[in-house]
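K.L.:
I'll drop the sequence and a predicted model, then ask my questions.
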Amino acid sequence: MSALANHAFVKMNGLGNEILVVDLRDGAPAPTGPEAKAIHDSGLTFDQLMTIEPARDADIATRIFNNDGSEVSACGNGTRCIAWLVMQETGTSKMTIRTRAGILTAAAGSAPKTITVDMGAPKFGWQDIPLAEEFRDTRAIELQIGPIDAPVLHSPSAVNVGNPHAIFWVDDVNAHDLGRFGPLLENHPIFPERANISLAQVTAPDAITLKVWERGAGLTLACGTAACAAAVAAARTKRTGRSVNVTLPGGPLHIHWRESDDHILMTGPVETEFEGTFDPAVFSGSAA
Ligand SMILES: N[C@H](CCC[C@H](N)C(=O)O)C(=O)O
């Protein structure tokens, strides 16, 4: 029987990006990838499961699982959620979070239930994304969908913001069937670690509309790291400035790509939905 049987969880979201939070500071072990997938498949659905764990070199540590059971290194919306929970508990307004991508800093925003996370600096090198072959300029890589002579989507920007992203620049995010193209592109051999796939429509020098197919989770209402990736890719290709409002289906995030240290500051809301405990049957595979 899993040590997580009957363990407490908190269901939250960031702009509708569904986050299941499990506080393991009681010493319970983190779920395995298959256990995370089993929890989702049992009907307690989420986009990501995130843990809160003790850390030696930060206030807390976290591990991030997509609902397909893959463990990943960054989740912007989920990081805001766990930061808000811990700040509520400790009464602090600033904290550090150890992730597999490095130590992030979170701060309470000016509005209630709003958090700003410093997501660190983006990486643009082809081996950092990573890509399967050398591309000297990752602002537009040779990848396309559709007929060779009339591609439907092509020349995406590639960025790593703790996780890999490909951003396709389009005139209308609703003119393309991301639900159909998403899995093809997520699993394209050019992405040895797969990738999060976004359609980005620049609507003003400080505004982007975004739709995202998330690696390991599919279409979501919002993706914080995709908003960060699209914002820096847009600035890098001179489509926008370094401060943008990114409007996702679930709502807006504000992204500022700071010039002084290249760090990306993401600001947005958090929502709490409900609390509960894990049904033991989930881990024995007998849950519905
Ligand atoms: N699917 C992403 C992780 C979650 C990202 C998203 N939920 C966010 O808010 O950043 C990946 O596999 O890298």
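P.N.:
Received, thanks.
K.L.:
quick one: the helices in the chain?
P.N.:
33-41, 76-90, 178-186, 224-236 (DSSP state H).
K.L.:
for the first one, which positions count as buried?
P.N.:
The reference is to helix 33-41. The neighbour-count check on helix 33-41 (16 or more other C-beta atoms under 10 Å) flags 33, 35, 36, 37, 38, 39, 40, 41 as buried. No exception for glycine: its C-beta is placed from N, CA and C like everyone else's.
K.L.:
Just the strands from the stretch 1-150 of the chain, written as ranges.
P.N.:
Along the stretch 1-150 of the chain, counting by DSSP state E, counting those that start in this stretch, strands occupy 8-14, 17-23, 48-52, 60-61, 64-66, 71-72, 94-99, 102-108, 114-118, 144-145.
K.L.:
Which residues of the stretch 101-250 of the chain lie near the ligand?
P.N.:
Contact residues (C-beta under 6 Å from any ligand atom) of the stretch 101-250 of the chain with the ligand: 163, 196, 214, 215, 216, 217, 223, 224, 225.
K.L.:
out of the residues you listed, which is most surrounded?
P.N.:
Within these, neighbour counts (other C-beta atoms under 10 Å) peak at residue 223, which reaches 35 neighbours.
K.L.:
which phi and psi does it have?
P.N.:
The phi/psi pair for residue 223 (degrees, to the nearest 10) reads phi -150, psi 110.
K.L.:
okay, how far is it across stretch 207-225, tip to tip?
P.N.:
Terminal residues of stretch 207-225 lie 16 Å apart, using C-alpha to C-alpha, to the nearest Å.
K.L.:
gap between it and the chain center?
P.N.:
The chain centroid and the centroid of stretch 207-225 are separated by 8 Å under C-alpha atoms, centre = their mean, to the nearest Å.
K.L.:
cool, and stretch 36-44?
P.N.:
Put simply, stretch 36-44 sits 19 Å off its chain's centre (C-alpha atoms, centre = their mean).
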